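>>> Got a predicted structure here, sequence first:
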Amino acid sequence: MTRPQDVLLKIEAVGICGSDLHPYTCGGIGSLRVSYPWILGHECAATVLASGPGVKKLKVGQRVAVDPLVFLWRVRSVPGGRAHTCRHQQFLAAFGQVPGALVEQLVLPEECCFPIPDSMTFPQAVATEPLAIGLYSHRLAQPKPGAKIGILGSGPIGLCVLLACRAAGKYGIYMTDLLEERLAIARQCGADWTGNPRREDVVALSASRNPWDWILLFECAGQQETLDQAVDLLKPGGTLLMIGIPQLDRISFKADPLRAKSCACKTCVARMSVLSLLSTW
Ligand SMILES: [Zn+2]
């Protein structure tokens, strides 16, 4: 441990995020390239093994969920509470920032560690990180009760957005994915109907059932194809939130339908403190 506020953690569980796969399969994400050796893994849960003299809240033996946004004391004064967009941020496993969690032990500041209840397993604690993205996405969008919502991409992030929406209110929710098993989970978790672009034209199918109804779309696949579908599906005046991280550094939009529909786009940088999630647990 190098700083008095540091704790030594025994890593108990690590999730593999889609953003871990980008460096593995194609050497990085957009302009952020990775040179190996480099340690990946930013979704983790741990037990505190030792603590520095400046550690105030955590005790040895405590079980914690980890917020991968490190060095929070440097970014606390960011206007508007947007610590996740601060240029001084250090993110666990982002190349050149902080080596990742796919290790047996890791040193992190106390402020990144949040005690979890005994009833919560370590894999559940790992899931708080993507679940925080779902909650943050819903908070950014603030859909009105009863709104028709589309979630394009039913991987872990899309499912977390679904859970956040389900917990917040009653909406009509349409989800897509290329994998039937993911769509089955989406239906189990409360999606009202689902579509598989590999089997059907989801835009035409949606138009026949719910013409011009999707006031809010969460793009959770990071694919050009799903962005195009989102633009076609959106109701005029609707909002598109881009949550999926594209493998490439550039994406494009069909300008004509966006202009004609006067739709708005928001990005959701997929980094959010787990603090807000755990405080509502
Ligand atoms: Zn992640």
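Happy to help now that I have it.

>>> give me the low-pLDDT residue ranges for the protein?
71-84, 210-212, 268-281 (pLDDT under 70).

>>> Show me the residue sitting in the middle of it in space.
residue 133 (3.6 Å; CA atoms, centre = their mean).

>>> where do the helices sit along the stretch 1-150 of the chain?
18-26, 72-75, 122-126, 128-141 (DSSP state H, counting those that start in this stretch).

>>> Would you mind listing the buried residues in the longest one?
Same thing as helix 128-141. 128-138, 141 (16 or more other CB atoms under 10 Å). Just so you know, the C-beta spots here come from the backbone N, C-alpha and C atoms, and that holds for glycine as well.

>>> and stretch 149-156, how far out from the chain's middle?
The chain centroid and the centroid of stretch 149-156 are separated by 12 Å, computed with CA atoms, centre = their mean, to the nearest Å.

>>> and the end-to-end length of that stretch?
The straight-line separation of the ends of stretch 149-156 (CA to CA, to the nearest Å) is 17 Å.

>>> tell me the SS of residue 266?
With DSSP: H, G, I helix; E, B strand; the rest coil as the basis, residue 266 sits in strand.

>>> count of neighbours near it?
Residue 266 is flanked by 12 other residues according to other CB atoms under 10 Å.

>>> go on, residue 198?
Residue 198, neighbours per other CB under 10 Å, totals 11.

>>> before we move on, what about residue 115?
15.

>>> tell me the contacts of it?
Contact analysis of residue 115 by CB atoms under 8 Å, 6 or more residues apart in numbering lists 57-58, 62-64.

>>> quick one: the residue nearest to the centre of the chain from residue 88, how far?
21 Å (CB to CB, to the nearest Å).

>>> for residue 159, same thing?
Taking CB to CB, one finds residue 159 at 32 Å from residue 88.

>>> These two - which one has more neighbours?
Of the pair residue 159 and residue 88, residue 159 is the one with more neighbours under other CB under 10 Å, namely 25 against 9.

>>> Going by neighbour count, list what's buried in whatever helix or strand the more buried one lives in.
For residue 159, the element it lies in under DSSP states H and E is helix 156-168. Across helix 156-168, burial judged by 16+ other CB under 10 Å covers 156-166.

>>> Determine the angle, from 0 to 180 degrees, between it and helix 18-26.
Relative orientation of helix 156-168 versus helix 18-26 (axes from the mean of the first three to the mean of the last three CA atoms, to 10 degrees): 170 degrees.

>>> Helix 156-168 - contacts with which helices or strands?
helix 128-141, strand 148-152, strand 172-176, helix 180-188 (3 or more CB pairs under 8 Å, 6 or more residues apart in numbering; DSSP states H and E).

>>> now that helix and strand 148-152, what's the angle there?
Using the same axes, to 10 degrees: helix 156-168 against strand 148-152 is 160 degrees.

>>> Domain parsing of the chain, as residue ranges.
For the chain, the domain assignment from automatic domain parsing gives the residue ranges 6-126, 130-267.

>>> ranking those by burial, who's on top?
domain 130-267 (a mean of 18; mean count of other CB atoms under 10 Å).

>>> one step back: as TSV, the helices of the stretch 1-150 of the chain with distance to residue 264 would be great.
Conversion of the helices of the stretch 1-150 of the chain to TSV gives the following (distance: least, CB to CB, whole Å):
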stretch	distance to residue 264
helix 18-26	25
helix 72-75	27
helix 122-126	33
helix 128-141	11
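
>>> Kindly provide the distance from the residue lying closest to residue 64 once chain neighbours are set aside to residue 225.
Distances taken as CB to CB, 6 or more residues apart in numbering place residue 113 nearest to residue 64, at 4.1 Å, with adjacent residues excluded. To residue 225, residue 113 is 39 Å away according to CB to CB.

>>> doesn't residue 154 make contact with residue 161?
No - look at residue 161 against residue 154 with CB atoms under 8 Å: they stay out of range, at 9.5 Å.

>>> Need the overlap of contacts for those two.
residue 220.

>>> How about the contacts made by the nearest residue to residue 189 once chain neighbours are set aside?
Among residues not flanking residue 189 along the chain, residue 162 sits closest, at 5.5 Å (CB to CB, 6+ apart). Residues near residue 162 by CB under 8 Å, 6+ apart: 134, 151, 154, 173, 175, 186, 189-191.
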